[in-house]
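Engineer: Provide a 3D model corresponding to the input given below.
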Amino acid sequence: MLRNQFRSDDLLLTNASGKVQHVTLQLNNPPQNVQNGWLNVYSVAWTDTSGGMPVANALIPVEEKNSTFVVDVPAGMTRKVWFIIDSSKVPAGNYKSTFTVTSGNKISTIPVTLDVSKVAMKKPRLSLTMWDYTNGKGLYGITPENRKAAIAMMRSHYVNSPWASSAALPRPEASDFDAQGNLKSKLDFSNMDAWIALWPGAKHYMVFPNVGQGFAGTKMGTPEFDLRVGSWAKAISAHIKGLGLKPEQLGICLVDEPHSDDQDAIIAAWAKAINAAAPELTLFNDTAWKRPDQAKIQDAITTADILCPALPRYIAGGASQKYFQDLIAQGKTMWFYQASGPTYNMDPQLYYRYQAWHAFSANATGEGFWSFGDTGKAPTSWNGYSDTGVVYSPVYFGQTTVDTSIRWEAVREGVEDYETLAMLKDAIANSRNADWKTRAQKALDDAVKAVTEIWAPNYSRDTEDPNLADAQLQKVRDMLNSGA
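Structural biologist: All right, here's what the predicted structure looks like:
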């Protein structure tokens, strides 16, 4: 591990007896001078689903008592035990420990090797967004009762670009404008302020106003429309500045997944008015055209600051991929997103972890997954039979709680993978050692190619080699450790 990193590993405990076994795991010779919380142990819970597929995904914390953990294994079943190490709480060095595993009269030992580098991982630069909609009373599985836990779970896994619904932005009426299209009434930003206060220090604040063909009594395409939208945008920009933020930190998605001329016409009209009055605001477009290069109204795409195509459409290659790369060369920012489900069908690495590798390969700077809170309309994630829709959330919502999962941990590891790759890229650019630069660049290129060429549109397929990314990352870390 690098310093300041989270990494996971696991072991399987199989109970071939006819009754529950209470298995004790005792850590012997633990690393010295560690801080509390350096090691967290979880019992992986089996849950059933509305599709009839039992899954072992939810991570339930196991309480530690004097470096001892007790895990229950039901009769005739296998329990996965999940370990997460936080290397920011472990001094650099190489450590060898063992777990003594005791069940009744049977005792086994499990070797544990931990190698923490002196090289520290920087704060991840990748933008991570989850369409969480934590503003107001929350949406989908997020409620006022579990919102605090949901935000804490997202922030602990590097979510730095939260989303708010249209309710976060003030919507003025026609009577709020004068004859020249200027606002004459003060807008109410209390909903926006309350939401931003939930996310101090976020990299972006993303909002989905879900606009239409008119605004404040005007129709798009008219001068009155342009003036009123422009005045509204300027007021939003000024308010963001007044909060001590940069206006470009506010991202606006005008229409979600546009894929028709009518939708693009709306985007183009709004973008024209906003960019004319407050170009400092960030426009976000998750275009869903299969061939965006053939879209009739190109302004709907090219006026956006952040382009966020679905990863499968981008990877399909051809003209669409070249189209986006040309826009990046022109200064546009690109993110990727995925929105497949149900999530219990998704391979943790192929779907959740590897997307960050594809982002690095394509010079994208952000990624997202629909959606942190979408529990398929179930009131709780712990009763899969109550799902009446598709479950997209990678975590487990209770009434007041949010528990992590193997899939959610894969997202965090993907973000850290991206940062590790980017750190080596930075080191190569700054090095004057020609031989090291050549070797480091080859290690970086080979690692990225090895992972990104494993592309499977059928995410339910298990990863062919679950150690692939870790093996490639080791080569990258070796180059970082060797220095320039």
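
Engineer: Show me the residue at the heart of the chain, geometrically.
Structural biologist: Centroid-nearest residue in the chain: Leu128, 4.1 Å away (criterion: CA atoms, centre = their mean).

Engineer: Now that residue: which helix or strand?
Structural biologist: In this structure, Leu128 is located in strand 127-129 according to DSSP states H and E.

Engineer: Could you give the average pLDDT over that strand?
Structural biologist: Here strand 127-129 scores 98 as its mean pLDDT.

Engineer: who's in contact with the next helix or strand after it?
Structural biologist: Toward the C-terminus, strand 127-129 is succeeded by helix 147-155 as the next helix or strand (DSSP H and E). For helix 147-155, contacts defined as CB atoms under 8 Å, 6 or more residues apart in numbering pick out 130, 132, 134, 138, 142, 162, 198-199, 372-373, 395, 397, 400-402, 404, 408. For the C-beta atoms, the positions are set from N, CA and C on the backbone; glycine is no exception.

Engineer: And for stretch 102-110?
Structural biologist: 11, 13, 15, 21-24, 26, 73, 98-101.

Engineer: Could you work out the end-to-end span of it for me?
Structural biologist: 11 Å (CA to CA, to the nearest Å).

Engineer: Over to stretch 338-354?
Structural biologist: Using CA to CA, the two ends of stretch 338-354 sit 12 Å apart.

Engineer: List the contacts of the nearest residue to Asn36 once chain neighbours are set aside.
Structural biologist: Nearest residue to Asn36 in three dimensions, chain neighbours excluded: Lys89, at 7.4 Å (CB to CB, 6 or more residues apart in numbering). For Lys89, the contact set (CB under 8 Å, 6+ apart) comprises Val34, Gln35, Asn36, Gly37, Trp38.

Engineer: what's the neighbour count on the residue lying closest to Asp293 once chain neighbours are set aside?
Structural biologist: If the residues on either side of it in the chain are set aside, Asp293 comes closest to Tyr323, at 4.1 Å by CB to CB, 6+ apart. Here the count is done by other CB atoms under 10 Å, and Tyr323 has 20 residues near it.

Engineer: picking that back up, in helices only, show me the contacts of helix 147-155.
Structural biologist: Using DSSP state H to define helices, the subset of the contacts of helix 147-155 located there is Leu198, Trp408.

Engineer: Which among the contacts of helix 147-155 count as buried?
Structural biologist: If you count burial by 16 or more other CB atoms under 10 Å, the buried members of those come out as 130, 132, 134, 138, 142, 162, 199, 372-373, 395, 397, 401-402, 404, 408.

Engineer: Just give me the neighbour total for Thr380.
Structural biologist: Look at Thr380: counted by other CB under 10 Å, it has 15 neighbours.

Engineer: from now on call the first residue 697
Structural biologist: With 697 as the first residue, the last one maps to Thr1076.

Engineer: now it: how far from His1054?
Structural biologist: Thr1076 sits 33 Å away from His1054, going by CB to CB, to the nearest Å.

Engineer: ok, which stretches of the chain are helices?
Structural biologist: 843-851, 886-894, 919-938, 957-973, 995-998, 1007-1011, 1014-1025, 1050-1057, 1102-1126, 1130-1148, 1164-1178.

Engineer: and the gap between Pro954 and Asp982?
Structural biologist: 8 Å.

Engineer: Equivalent analysis for Ala890, please.
Structural biologist: If you measure Ala890 against Asp982 using CB to CB, the figure is 26 Å.

Engineer: What of Thr1061?
Structural biologist: For Thr1061, the distance to Asp982 - CB to CB - is 15 Å.

Engineer: The two: who's more crowded?
Structural biologist: More neighbours surround Asp982 than the other of Thr1061 and Asp982, with 23 against 18 (other CB under 10 Å).

Engineer: what sits against the more buried one?
Structural biologist: Cys949, Asp952, Glu953, Pro954, Cys1004, Pro1005, Ala1006, Tyr1033.

Engineer: So what's the residue count around the fourth one?
Structural biologist: Read it as Pro954. 24.

Engineer: what does Gln994 give?
Structural biologist: 14.

Engineer: Provide the backbone phi and psi angles at it.
Structural biologist: phi -70, psi -30 (degrees, to the nearest 10).

Engineer: is it true that Trp1053 touches Glu1149?
Structural biologist: No - when contacts are counted by CB atoms under 8 Å, Trp1053 is not listed as touching Glu1149 (10.2 Å).

Engineer: between the two, who's got more neighbours?
Structural biologist: Per other CB under 10 Å, whichever of Trp1053 and Glu1149 has more neighbours is Trp1053, with 24 against 8.

Engineer: Could I get the contacting residues of the closest residue to Glu1112 other than its chain neighbours?
Structural biologist: Excluding its sequence neighbours, the residue lying closest to Glu1112 (CB to CB, 6+ apart) is Gln701, at 5.5 Å. When contacts are counted by CB under 8 Å, 6+ apart, Gln701 is found next to Asp782, Ser783, Ser784, Met817, Glu1112.

Engineer: any idea how far Gln701 is from Val758?
Structural biologist: For Gln701, the distance to Val758 equals 22 Å [CB to CB].

Engineer: One more: Pro943?
Structural biologist: Taken as CB to CB, the span from Pro943 to Val758 is 46 Å.

Engineer: Then Leu865?
Structural biologist: When Leu865 is compared with Val758 (using CB to CB), they lie 44 Å apart.

Engineer: Could you do Pro866 as well?
Structural biologist: Taken as CB to CB, the span from Pro866 to Val758 is 47 Å.

Engineer: now do Lys992
Structural biologist: 57 Å.

Engineer: now Val719
Structural biologist: In this view, Val719 and Val758 are 10 Å apart by CB to CB.

Engineer: Mind listing the shared neighbours of the two?
Structural biologist: With CB under 8 Å, 6+ apart, Val719 and Val758 have common neighbours Val766, Val767.

Engineer: Next, count neighbours for Gly1179.
Structural biologist: If you count neighbours by other CB under 10 Å, Gly1179 ends up with 11.

Engineer: give the contact list for it.
Structural biologist: Trp1132.

Engineer: Please apply the same query to Ser704.
Structural biologist: The neighbourhood of Ser704, defined by CB under 8 Å, 6+ apart, consists of Trp778, Phe779, Ile780, Ile781, Ile1102, Glu1105, Glu1109.
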